[in-house]
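Trainee: Kindly return the folded structure for what I paste below:
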Amino acid sequence: MARFPRAELEEMMQRWLKANQNAEAENDWPKYLTPFYTEDAVYYWNMGPHEDFIARGRQQIHDWALGTEMEGLEGWAYTYEQILIDEEKGEIVGFWKQIAPFKRPDGSNYEIAGVGGSWFRYAGNFMWSWQRDFFDVKNMATLFRDLAKAGHLSPGLRTRIEKAARGEALPGHVKYGTRRTG
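Mentor: The predicted structure follows:
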């Protein structure tokens, strides 16, 4: 793997964090984040014991990972808590929280419990060639159930959950045995 100057990787993360802030402010992840991926980038995460989400190439990342998968999450914040940089490998891990735009009756945030984060592979030219997100799927489901009970589940998120519950194929969702992650 290529070695990259630490200053370049730090600048990449600063650009990425600023783009994330803009995406959250305007609820437009594809507009701000798509330019950070190479044409052949791979972006994926685990959805449970038998399923992954995988987007291959900038267009699928734009349409699915930053488009379809973010529907219903308008107003959510993804605050980065810690960033680890490996300039030898050109890899970065950022740990973040997923915070809903609603407060619980006790005043605390609705947020997905556990550890969440992104593991990136830098390609140079301020672009990612690979990204793997990680978060606790069971905690995500529990939070979505809590939001539904409190009347805070957005229509877009409700539609996505209903489609998944009916077994409808969602773009990028693949069963184990068919995945290739790069």
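Trainee: Gly67 and Glu168: what is the separation?
Mentor: 17 Å (C-beta to C-beta, to the nearest Å). For the C-beta atoms, the positions are set from N, CA and C on the backbone; glycine is no exception.
Trainee: In terms of neighbours, single out the busier of those two.
Mentor: Between Gly67 and Glu168, counted using other C-beta atoms under 10 Å, Gly67 has the larger neighbour count: 17 against 10.
Trainee: ok, the nearest residue to the more buried one once chain neighbours are set aside - contacts?
Mentor: If the residues on either side of it in the chain are set aside, Gly67 comes closest to Pro30, at 5.3 Å by C-beta to C-beta, 6 or more residues apart in numbering. With contacts taken as C-beta atoms under 8 Å, 6 or more residues apart in numbering, Pro30 has the following neighbours: 62-63, 66-67.
Trainee: Format these as TSV; extra columns: pLDDT and distance to Ala141.
Mentor: What follows is those, written out as TSV (pLDDT from 0 to 100; distance: C-beta to C-beta, whole Å):
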residue	pLDDT	distance to Ala141
His62	98	26
Asp63	98	24
Leu66	98	22
Gly67	96	22
